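1. here is a sequence with its predicted model. Questions after.
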Amino acid sequence: MPLISETTARREMAAVGRRMYERGFVIATDGNLSIRLGPHRFLVTRSGVCKGSLTTMDMVVCDDYGRIVRGHKVSSETLLHLAAYYLRPDINAVIHAHPPLAIAFTLADKNLAESRLPEVVMSLGSIPTAMFAAPSSPEGAEVIRDLIIKHDALILDRHGSLTVGKDLTDAYYKLERLEFAAQVTLAAVSLGEIKGLSPEEIRKIEKSIEFNRSCSLPRCPSCGEPLHLSKSVFCSQSGTESSIKADTERLANLVQQIIKEGRM
Ligand SMILES: [Zn+2]
């Protein structure tokens, strides 16, 4: 049973690839994307193609040994992707990119793992840096081994990033967050010493993560995502005025209930 149809996966990959290029996360023909289609089948970007003009034909289907099933010449970093899938059966998408600020941190021998932005901590935990391996070398798969088991976002020393997710959009958002962490940390460093999180603040973050996990908030009528109190109440695809009104009332009741129970 396929996890996602090949047609849908190709369309999604083309869209995310173009987004990566527009945001400057890759240049020229750099970077590569992949999606797990089902058991032993992966869709991977073709070698030597610019992600800014990626089409649904610029992809290759391969098996878990990197052997081509459909298409021509897989990306040179396919082994890196396959290693991530092998080590993380829970993920369905992998993105390798070259986010410039995150790479700059490794050039300066600085570590983003120390970046303690609460939103980044809540979504990614820490962002470790894997040891140096030459781009496109088999060693690349080796150096991520111990880190990718525990982390969804890694920096590859003086090379780029690796993010994984439950789907391609999820992996892409993690790439955005990783570069955002580098951007904010760089700005903070230029202003002075970085203010870390105190043990009390870390406890608050852990409590917040626990709260978000345990409470069963209503779901968006349009996209089905839980409506988090800390985020925007409705997604951009939200439905009609009446459904919004009904959900606003439901949310107001929920907030009252949470306050009454002393959960906030
Ligand atoms: Zn690369």
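-> Looks like it came in fine.
2. the strands in the stretch 1-150 of the chain, which residues?
-> 32-38, 41-45, 59-62, 68-70, 93-97, 129-130 (DSSP state E, counting those that start in this stretch).
3. among these, which comes closest to Y173?
-> Y173 sits nearest to strand 93-97 of all the strands of the stretch 1-150 of the chain, at 10.1 Å, using C-beta to C-beta. (C-beta placed from N, C-alpha, C; glycine too.)
4. angle of that closest one against strand 41-45?
-> Interaxial angle, strand 93-97 versus strand 41-45 (axes from the mean of the first three to the mean of the last three C-alpha atoms, to 10 degrees): 20 degrees.
5. and P100, how many neighbours?
-> By other C-beta atoms under 10 Å, 15 other residues sit near P100.
6. let's have the strands of the stretch 1-150 of the chain in a markdown table, adding distance to L82, mean pLDDT and mean neighbour count.
-> Formatted as a markdown table, these follow (distance: least, C-beta to C-beta, whole Å; pLDDT from 0 to 100; neighbours: other C-beta atoms under 10 Å):
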| stretch | distance to L82 | mean pLDDT | mean neighbour count |
| --- | --- | --- | --- |
| strand 32-38 | 8 | 97 | 24 |
| strand 41-45 | 7 | 97 | 24 |
| strand 59-62 | 8 | 97 | 22 |
| strand 68-70 | 13 | 96 | 13 |
| strand 93-97 | 9 | 98 | 29 |
| strand 129-130 | 16 | 96 | 22 |
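7. quick one: contacts for A93?
-> A93 is in contact with L33, S34, I35, R36, V164, G165, K166, D167, L168, D170, A171, counting by C-beta atoms under 8 Å, 6 or more residues apart in numbering.
8. go again using 7 Å as the cut-off
-> By C-beta atoms under 7 Å, 6 or more residues apart in numbering, the contact set of A93 is S34, I35, V164, G165, D167, L168, D170, A171.
9. am I right that E206 sits in a helix?
-> Yes: secondary structure of E206 (DSSP: H, G, I helix; E, B strand; the rest coil): part of a helix.
10. show the pLDDT at it.
-> Predicted confidence (pLDDT) for E206: 79.
11. was I right to think R36 contacts L43?
-> No: counting by C-beta atoms under 7 Å, R36 does not reach L43; the two are 8.2 Å apart.
12. R10 versus the residue nearest to R46 when sequence neighbours are not counted, what's the distance?
-> Spatially, and ignoring its direct neighbours in sequence, R46 is nearest to D58 (4.7 Å; C-beta to C-beta, 6 or more residues apart in numbering). As defined by C-beta to C-beta, to the nearest Å, D58 lies at a distance of 9 Å from R10.
13. tell me the two of the contacts of A93 that are most distant?
-> For the contacts of A93, the farthest-apart pair by C-beta to C-beta is S34 and D170; their separation is 13.3 Å.
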